[in-house]
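1. Turn this into a structure:
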Amino acid sequence: MRKIWIGGLLLLMAAGWSSCKNMLDIESTRAVTEENMWASKNDAWAGSFACYGLLRAAMCNENSYWAHGELRAGHFTITKRGDLQAVRKSLLTSNYVTMDTWRDWRKFYAIIAQCNIAIAKLPGIPALDERYSSTEMELDLAQVRFIRAFTYFYMARIWGDVPLITEPVQGDFATVPRTEQNEVLNFAYNEANTAINKLPWQFDGVSPEQPGNYRGQGVSHWRSILTTKGAGLTLMAHIRAWQKDYQGAMDALTILRNNQSKTGYARVSITDLVSNGGTFRGRRNENILQMDMNFDHAEISTTGQIENWTLRAPDVTKKEAEIYVTKDSILNIFPQASDLRILNFFTDMGSMQPMFYKMKMLNDAVKNPTLRFFNSAIVIFRYEELLLLEAECQVRLDNPGPALTILNDLRGGRNITPLVNTLTKEQMLEEIFQERRRELMGEGWLWYDLVTFGKVTEYTGLSEADIQNGAIYWPISRAALSLNPKLTQFNYWK
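-> Residues are numbered from 1 along each chain as shown. The predicted model follows:
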């Protein structure tokens with residue numbers, strides 16, 4: 001930019017100040033206006049991949065993914081930070097800068113806005129650039145549709161009813177009222193269903209949806225970091241389960257199970273789950289979809305991952321972690337001493353504050369004594385979670401046999417005793433909830449599990465009346481309310 005500025009100044013001096021008006025009257029061909037942006041293959045690549053980047057940025061922003069999905073649920077004890085304590089106690093209108101970030105859905109609507117523009121513009125690019133085939137366009141379009149669908153699902157779980165905006169908007173922000181949650185979820189489901197028709201099972205270059213290497217890279221490069229048929233079906237199953245349509249969820253899960261040879265999804269050993277090159281490094285068969293943090297692509301960060309809260313000395317310079325799991329809680333959550341997850345998820349068990357060590361993707365490539373960089377992926381969907389969802393749906397549909405098989409297979413891999421086949425439906429659901437609590441600890445699922453299993457009052461200080469008044473959802477930020485007068489706040493948060 002400095003060279004451009006100096007060059008421009010010299011040009012002005014040589015041509016004379018009188019020519020300035022004429023120069024300013026000419027539209028720059030280098031300025032990326034909306035018309036200039038969507039005209040070539042490179043524009044399509046940049047515009048569609050921007051949707052991934054905005055989604056990752058929204059999840060990473062002040063650790064939003066874990067503030068929304070993990071902190072309110074009660075696994076973790078807060079050491080000192082008042083903002084984290086406020087989330088833990090569901091005091092979500094507290095006056096903290098970070099709380100303003102977590103309340104504010106505008107960063108998610110930035111994703112929606114980019115997706116809406118891409119969906120409108122991508123179909124026209126093949127006619128403008130013959131290098132960009134219709135097949136490639138349809139693949140990019142399907143990925144953007146998935147991201148829009150997932151973003152609406154994410155927002156509906158956090159804020160309930162949210163404005164449904166499906167077209168590019170002129171101006172700064174759309175002033176539309178909130179749309180009822182089920183309508184939003186049905187839209188997201190239909191979008192994901194449309195997307196899977198043009199998505200491959202894997203980006204391996206052998207399917208008609210994706211012939212040849214995608215953007216010059218093979219399957220190992222893209223595994224689990226791009227959306228696939230499997231990711232779309234997983235999203236569809238979760239949407240239906242959130243709506244308590246368990247048969248609808250099983251329909252998607254059955255397609256996944258029948259095509260496991262195409263998905264390549266596989267269970268993960270406890271060693272690979274917690275190793276530095278394992279699950280949370282990512283691009284592995286147990287991960288269905290992740291937001292990547294790759295050092296080679298300059299994607300590492302000092303924030304945006306749960307390690308920013310859970311790690312302390314000697315791994316980072318902090319003497320005390322922001323959050324930890326007490327020894328009493330560990331023994332309560334993992335009642336069998338043989339459970340391999342105890343010694344693999346935690347370290348320094350002899351101290352007053354055991355360190356949660358499940359995710360510890362530290363990067364030493366940047367030599368800075370005051371900073372430690374993290375490059376663990378945000379794993380949105382992984383195979384064990386999908387199997388536990390299937391077990392839940394099977395039990396709710398009165399098919400306990402397949403659910404018991406899934407549970408005992410997982411328990412065997414974690415070295416705990418199998419369950420017997422004499423459990424009641426309620427006991428089976430409790431076992432599934434507890435297994436999700438153990439296996440998915442720290443992965444951003446527990447709060448949503450409390451909601452879907454009806455356990456919010458059991459694990460928090462909220463009452464049933466609070467829930468009916470909207471307490472399970474986050475309040476809308478003051479900034480969003482001021483920009484859109486058609487929005488209404490939940491009664492609980494007024």
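2. top helix in this protein by residue count?
-> Residue-count comparison of every helix in the chain, with assignments taken from DSSP state H, identifies helix 134-159 as the longest.
3. After that helix, which helix or strand is next?
-> Downstream of helix 134-159, the next assigned helix or strand under DSSP states H and E is helix 181-196.
4. So in terms of bridging, what pairs with Ile323?
-> For Ile323, the beta-bridge assignment (DSSP bridges) gives partners Ile78.
5. For it, give me the pLDDT.
-> The predicted structure scores Ile323 at 97 on the pLDDT scale.
6. Could you do Val169 as well?
-> Turning to Val169, the model gives it a pLDDT of 84.
7. what's near enough to touch the one residue sitting closest to the centre of the chain?
-> Centroid-nearest residue in the chain, with CA atoms, centre = their mean: Ile380, separated by 4.7 Å. Residues counted as contacts of Ile380 (CB atoms under 8 Å, 6 or more residues apart in numbering) are Phe150, Ile288, Leu289, Gln290, Met291. The C-beta positions use only the backbone N, C-alpha and C, and glycine is treated the same way.
8. Kindly report the same for Ala46.
-> Under the contact definition (CB under 8 Å, 6+ apart), no residues are listed for Ala46.
9. Which of the helices or strands spans it?
-> helix 41-60.
10. quick one: average confidence on that helix?
-> Throughout helix 41-60, pLDDT has a mean value of 96.
11. and what of stretch 115-123?
-> Averaging pLDDT residue by residue across stretch 115-123 gives 98.
12. And it, what's buried?
-> In terms of neighbour count (16 or more other CB atoms under 10 Å), stretch 115-123 has its buried residues at Cys115, Asn116, Ile117, Ala118, Ile119, Lys121, Leu122.
13. Check the gap between Gln394 and Arg438 for me.
-> For Gln394, the distance to Arg438 under the criterion CB to CB, to the nearest Å works out to 19 Å.
14. for Arg396, same thing?
-> With CB to CB as the criterion, Arg396 and Arg438 are 20 Å apart.
15. Also Gly282?
-> 21 Å.
16. Have a look at those two and say which one is more surrounded.
-> Per other CB atoms under 10 Å, whichever of Gly282 and Arg438 has more neighbours is Gly282, with 25 against 20.
17. Does that one touch Ser224 like I think?
-> Yes: under the criterion of CB atoms under 8 Å, Gly282 lies in contact with Ser224, with a separation of 6.0 Å.
18. Overlap in contacts, those two.
-> Common neighbours of Gly282 and Ser224 are listed as Gln290 (criterion: CB under 8 Å, 6+ apart).
19. Isn't Leu404 up against Thr422?
-> No: with contact defined as CB under 8 Å, Leu404 does not reach Thr422; the gap is 10.2 Å.
20. between the two, which one's more packed in?
-> The residue with more neighbours, out of Leu404 and Thr422, is Leu404; 20 against 6, by other CB under 10 Å.
21. what about the residue nearest to that one when sequence neighbours are not counted, distance to Glu431?
-> Ranked by CB to CB, 6 or more residues apart in numbering and with sequence neighbours excluded, the top spatial neighbour of Leu404 is Asn421, at 5.8 Å. Distance from Asn421 to Glu431, counting by CB to CB: 12 Å.
22. These two - which one has more neighbours?
-> The residue with more neighbours, out of Asn421 and Glu431, is Glu431; 18 against 11, by other CB under 10 Å.
23. what helix or strand does the more buried one sit in?
-> With secondary structure defined by DSSP H and E, Glu431 is part of helix 425-439.
24. what's in contact with that helix?
-> Under the criterion CB under 8 Å, 6+ apart, residues 75, 333-334, 339, 341, 384-385, 388, 391-392, 395-396, 398, 400, 403-404, 407, 410-411, 414, 419, 423, 445-446, 449, 453, 455 lie in contact with helix 425-439.
25. same thing with stretch 114-127?
-> Outside stretch 114-127, the residues touching it (CB under 8 Å, 6+ apart) are 34, 37-41, 43-44, 47-48, 50-51, 54, 132-134, 137, 140-141, 144-145, 147-148, 151, 165-169.
26. how about it as CSV, C-alpha atoms only?
-> The C-alpha atoms that make up stretch 114-127 are tabulated as CSV, following Å, rounded to 0.1, in the frame of the first residue of the first chain:
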residue,chain,number,x,y,z
GLN,A,114,-22.2,-13.7,2.2
CYS,A,115,-24.0,-17.0,1.5
ASN,A,116,-27.1,-15.2,0.1
ILE,A,117,-24.9,-13.2,-2.3
ALA,A,118,-22.9,-16.2,-3.4
ILE,A,119,-26.1,-18.2,-4.0
ALA,A,120,-27.4,-15.4,-6.2
LYS,A,121,-24.2,-14.8,-8.1
LEU,A,122,-22.5,-18.2,-8.6
PRO,A,123,-24.9,-19.5,-11.2
GLY,A,124,-24.1,-16.7,-13.6
ILE,A,125,-20.3,-17.1,-13.5
PRO,A,126,-19.9,-20.1,-16.0
ALA,A,127,-21.3,-17.9,-18.8
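27. Work out the gap between that stretch and the centre of the chain.
-> 24 Å (CA atoms, centre = their mean, to the nearest Å).
28. any weak-confidence spans in the stretch 301-450 of the chain?
-> Scanning the stretch 301-450 of the chain with the threshold set as pLDDT under 70 gives 301-302, 363-373.
29. What are the boundaries of the helices in it?
-> Assignment of helices within the stretch 301-450 of the chain using DSSP state H, counting those that start in this stretch yields the ranges 307-310, 327-333, 340-345, 383-396, 400-413, 425-439, 446-452.
30. in the longest one, what counts as buried?
-> Pointing back at helix 425-439 there. For helix 425-439, the neighbour count (16+ other CB under 10 Å) marks Met428, Leu429, Glu431, Ile432, Phe433, Glu435, Arg436, Arg437, Arg438, Glu439 as buried.
31. How about the shortest one?
-> For helix 307-310, the neighbour count (16+ other CB under 10 Å) marks Glu307, Asn308, Trp309, Thr310 as buried.
32. Contact partners for the nearest residue to Ser275 once chain neighbours are set aside?
-> Spatial nearest neighbour of Ser275, excluding adjacent residues (CB to CB, 6+ apart): Arg281 at 8.0 Å. By CB under 8 Å, 6+ apart, Arg281 lies in contact with Ser275, Met361, Asn375, Ser376, Ala377.
33. and the third one, what are its phi and psi?
-> The reference is to Asn375. phi -130, psi 40 (degrees, to the nearest 10).
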